[in-house]
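**Student:** Any chance you could fold what I've pasted below:
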Amino acid sequence: MQANSRAIVSNQEGIHKDLESIVLKHKNSQFLKPIAEHSRQAFEQICQFVQFSDVDKTVSKPIIFDACCGVGESSRQLAQKFPDHCVIGVDKSADRLNRQGREDYPNLMLLRADLNDLYRLLVDSQMPISQHKIYYPNPWPKSQHIKRRWHGAPVFKQIVQLCPNIELRSNWLIYLQEFQAGLTLYSIKSQLSTIENPLPAITPFEAKYHASGQTLYCLQTL
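**Tutor:** Numbers count the residues shown, from 1 in each chain. Below is the predicted model:
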């Protein structure tokens with residue numbers, strides 16, 4: 001496979017100068033945006049799928065939460081690799097989710113939802129999540145868009161609270177360095193490394209970036 005994906009161009013040369021103040025502000029405040037009804041409905045679908053008991057906080061199987069799953073390729077691979085887990089792939093775009101079909105495995109659910117709402121609902125419910133994956137999120141590389149990145153958003157607090165086992169991949173090193181710095185402000189340790197040979201690629205983006213000769217990075221909590 002050959003590709004010519006352009007490398008990310010940014011007016012930032014390193015971690016954003018306001019990152020710490022932004023993360024700490026959100027850490028010490030409450031995200032008060034009203035949760036949409038369709039988000040509550042999506043949450044109820046998840047509860048039914050994993051057989052979540054709100055009484056004793058149990059689920060039928062360990063849960064892998066695949067955020068920003070796009071066309072769902074990563075979720076399908078995870079469902080195949082972990083047949084003894086429930087895999088929940090979430091994206092805000094119904095078009096992306098429908099491009100390659102829907103649930104191919106009995107332990108897989110692909111769902112359209114607003115993650116800004118869903119993260120809060122999951123954390124508030126204390127649903128146990130075993131693994132949390134964020135593969136190749138939109139980098140929002142312009143410096144003025146720092147608050148659109150997950151670590152610059154108000155919901156970063158819930159992202160951190162959702163699950164201690166977080167894996168994040170990107171072809172933009174600064175994104176992962178910032179996310180890692182945000183985790184440090186929550187006293188969470190993580191390891192940043194390069195992905196040498198991503199075969200099979202976990203997402204179409206990973207395949208494309210690798211074929212274009214770009215360096216791929218992985219951040220994993222410890």
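
**Student:** is it true that residue 105 touches residue 79?
**Tutor:** Yes - under the criterion of C-beta atoms under 8 Å, residue 105 makes contact with residue 79 at 4.1 Å. Bear in mind the C-beta positions are built from the backbone N, C-alpha and C, glycine included.

**Student:** for residue 165, what are its contacts?
**Tutor:** The neighbourhood of residue 165, defined by C-beta atoms under 8 Å, 6 or more residues apart in numbering, consists of 130-132, 221.

**Student:** Find the centremost residue of this structure, please.
**Tutor:** Closest to where the C-alpha atoms of the chain average out (C-alpha atoms, centre = their mean) is residue 134, at 2.7 Å.

**Student:** ranges for the helices of the chain?
**Tutor:** Assigned by DSSP state H, the helices in the chain fall at 19-27, 37-50, 73-81, 94-98, 115-125, 156-162, 173-184, 204-211.

**Student:** counting contacts, what elements does the longest one pack onto?
**Tutor:** Under the contact criterion of 3 or more C-beta pairs under 8 Å, 6 or more residues apart in numbering; DSSP states H and E, the helices and strands touching helix 37-50 comprise strand 86-91, strand 108-112, helix 115-125.

**Student:** if we can go back for a sec, in a markdown table, list the helices of the chain along with mean pLDDT.
**Tutor:** Conversion of the helices of the chain to a markdown table gives the following (pLDDT from 0 to 100):
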| stretch | mean pLDDT |
| --- | --- |
| helix 19-27 | 98 |
| helix 37-50 | 96 |
| helix 73-81 | 94 |
| helix 94-98 | 70 |
| helix 115-125 | 98 |
| helix 156-162 | 98 |
| helix 173-184 | 98 |
| helix 204-211 | 94 |
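
**Student:** any chance of those in JSON lines, with distance to residue 149 too?
**Tutor:** JSON lines is the format used below for the helices of the chain (distance: least, C-beta to C-beta, whole Å):
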{"stretch": "helix 19-27", "distance to residue 149": "9"}
{"stretch": "helix 37-50", "distance to residue 149": "21"}
{"stretch": "helix 73-81", "distance to residue 149": "19"}
{"stretch": "helix 94-98", "distance to residue 149": "20"}
{"stretch": "helix 115-125", "distance to residue 149": "13"}
{"stretch": "helix 156-162", "distance to residue 149": "9"}
{"stretch": "helix 173-184", "distance to residue 149": "7"}
{"stretch": "helix 204-211", "distance to residue 149": "16"}
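
**Student:** So which of those is nearest residue 198?
**Tutor:** Distances from residue 198 to each of the helices of the chain were compared using C-beta to C-beta; the minimum, 5.3 Å, belongs to helix 204-211.

**Student:** between the closest one and helix 73-81, what angle do the directions make?
**Tutor:** Computed with axes from the mean of the first three to the mean of the last three C-alpha atoms, to 10 degrees, the direction of helix 204-211 lies at 100 degrees from that of helix 73-81.

**Student:** chain center to helix 204-211: distance?
**Tutor:** On the basis of C-alpha atoms, centre = their mean, to the nearest Å, the separation between the geometric centre of helix 204-211 and that of its chain is 18 Å.
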